[in-house]
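[1] Provided below are the primary sequence and the corresponding predicted coordinates.
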Amino acid sequence: MNGGRGRFARGAVGIGISVVALALVLRGVDVSRTAAVLATAVPGWLALMVAFQLADVSARGLRWQRLLAPIRRVALARTFDYLLVGYLANNILPARLGELVRSHYLGDREGVSRTTTLGTVVVERTVDTAVLVAIASLAILVLQVRGAVASAVLVGLALSGLLVVGLGVALVAHRLPGAGQVVALAGRWPRVHDLAGRLRGGLAVAGRPRTLGQAIGLSLLAWSATVVATAAAGQAIGLQLTTAQAALFASGTALSTAIPSGPGYLGTFELAGVGIGAVLGLPAETSFALALIVHVSVLVITSVGGAIGFVRIWRRSPARRAGHLGRLLERRP
């Protein structure tokens, strides 16, 4: 009961933040001018944007498969299904609960501990955030950006550093002074001890240099595709963004999704886009249009892909196959 109330409260807070963010955006832009900018979008550039967004998702699916490889070999097509179902859940649910959803489905269908699977997701998110913040930091250095945007990126840099340190500590925790006493204490609660061991099993993939290197390389590939997609979206509405400008816009809006908000990061993404556009000297209506194009496209791609992935997972469900086999046997004479 209390857990349900807590989730409801977090969801309500997130929706409230999204509403406030949207109100701030709409107060500072002329919606009719934004609509006029959107009406000028060139289909060819939009198609190129979508192509690179698909490349981004593809790199992320391959990255997760490589992180899972030391634990269990999972076919790439199935990995994509679980990943996209998680993205669909993130579009519908608050607080990035989609990460738990994809861990659940992969663990359940592939015979891997869900907690261990979640450990690989933690590694993935840590690497992804570190690469993203590095790109944002490089962009603000090249563009010599100061003010709130630069401060936000520096905060992100500090947080990503803490994530990396935390992951490192988790990997070597059993060697630290007092580890034996902690293990003995945890042994009083076998369930907690078991879950901690399984989680560490997933986190341990970060201790494999080759696996970690592949994850970093694929993260760079994914974010490079996102930067190109952002530049293409800008070209679609007549904006010729430099690589650094596209990188700052892409990384800044992506970092905004870490802010607790409603489903699909609605409002916070657009507010970040308008704020970054102001730093780049863009009209608010143009920045808003650019953020809308990128955001809506990502939501459509991940939602449609997630729906397809869910159907594919359901069709492969052992329980469904068993039920179908049972009905066939009942029909036999």
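    On my side now, so go ahead.

[2] quick one, phi/psi of the nearest residue to residue 112 once chain neighbours are set aside?
    Using Cβ to Cβ, 6 or more residues apart in numbering and skipping the chain neighbours, the partner closest in space to residue 112 is residue 72 (5.0 Å). All C-beta atoms are positioned from the backbone trio N, CA, C, and that covers glycine. Note on residue 72: its backbone torsions stand at phi -160, psi 130 [degrees, to the nearest 10].

[3] Enumerate every residue touching residue 72.
    110, 111, 112 (Cβ atoms under 8 Å, 6 or more residues apart in numbering).

[4] May I ask you to name the longest helix in this structure?
    In the chain, assigned by DSSP state H, the helix with the most residues is helix 284-315.

[5] Quick check: buried residues in it?
    In terms of neighbour count (16 or more other Cβ atoms under 10 Å), helix 284-315 has its buried residues at 284-295, 297-299, 301-303, 305-306, 309-310, 312-313.

[6] Equivalent analysis for stretch 254-264, please.
    254, 255, 256, 259, 260, 261, 262, 263, 264.

[7] now swap in stretch 98-110 and tell me
    98, 99, 100, 101, 102, 103, 104, 105, 106, 107, 109, 110.

[8] now it: mean pLDDT?
    The pLDDT scores in stretch 98-110 average 93.

[9] Give me the contacts around it.
    By Cβ under 8 Å, 6+ apart, stretch 98-110 touches 68, 72, 74, 78-79, 82-83, 85-91, 93, 112-118, 121, 125, 313, 316-318.

[10] count of neighbours near residue 73?
    9 (other Cβ atoms under 10 Å).

[11] ugh, wrong one, residue 168
    Residue 168 has 14 nearby residues by other Cβ under 10 Å.

[12] what about it, helix or strand, and which?
    Using DSSP states H and E, residue 168 sits in helix 148-172.

[13] what's the answer for residue 275, then?
    helix 268-279.

[14] tell me how far that helix is from the chain's mean position?
    How far helix 268-279 lies from its chain's middle: 19 Å, per Cα atoms, centre = their mean, to the nearest Å.

[15] And for stretch 241-259?
    14 Å.

[16] and it, average pLDDT?
    93.

[17] Tell me how far the residue nearest to residue 112 lies from residue 106.
    According to Cβ to Cβ, to the nearest Å, residue 72 and residue 106 sit 9 Å apart.

[18] likewise residue 303?
    19 Å.

[19] One more: residue 281?
    44 Å.

[20] ditto for residue 245
    Residue 245 is 37 Å from residue 106, by Cβ to Cβ.

[21] for residue 121, same thing?
    For residue 121 relative to residue 106 (Cβ to Cβ), the value is 9 Å.

[22] Next: residue 226.
    24 Å.

[23] ditto for residue 163
    Residue 163 is 22 Å from residue 106, by Cβ to Cβ.

[24] contacting residues around residue 302?
    Counting by Cβ under 8 Å, 6+ apart, residue 302 has contacts 57, 84, 87, 88, 90, 91.

[25] in what helix or strand does the second one lie?
    For residue 84, the element it lies in under DSSP H and E is helix 76-92.

[26] which other helices and strands contact that helix?
    helix 43-68, helix 98-110, helix 284-315 (3 or more Cβ pairs under 8 Å, 6 or more residues apart in numbering; DSSP states H and E).

[27] now the ones you listed in TSV, with distance to residue 234?
    Listed next are the helices and strands packed on helix 76-92 as TSV, based on distance: least, Cβ to Cβ, whole Å:
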stretch	distance to residue 234
helix 43-68	8
helix 98-110	28
helix 284-315	6
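
[28] Pick out the shakiest of those helices, pLDDT-wise.
    Taking the mean pLDDT of the helices and strands packed on helix 76-92, helix 98-110 comes last: a mean of 93.

[29] mind checking how far the one helix or strand residue 118 maps to is from the chain centre?
    If you go by DSSP H and E, residue 118 is part of helix 114-143. Once both centres are worked out by Cα atoms, centre = their mean, helix 114-143 turns out to sit 9 Å from its chain's centre.

[30] now stretch 258-278
    With Cα atoms, centre = their mean, you get 14 Å for stretch 258-278.

[31] And the pLDDT for residue 202?
    87.

[32] Could you check how far the closest residue to it other than its chain neighbours is from residue 52?
    Closest residue to residue 202 apart from its sequence neighbours, by Cβ to Cβ, 6+ apart: residue 119 at 1.8 Å. Going from residue 119 to residue 52 by Cβ to Cβ gives 30 Å.

[33] These two - which one has more neighbours?
    residue 119 (25 against 18).

[34] Include distance to residue 63 when you put the buried residues of stretch 98-110 into CSV, please.
    Formatted as CSV, the buried residues of stretch 98-110 follow (distance: Cβ to Cβ, whole Å):
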residue, distance to residue 63
98, 16
99, 14
100, 19
101, 18
102, 13
103, 15
104, 19
105, 18
106, 14
107, 18
109, 19
110, 17
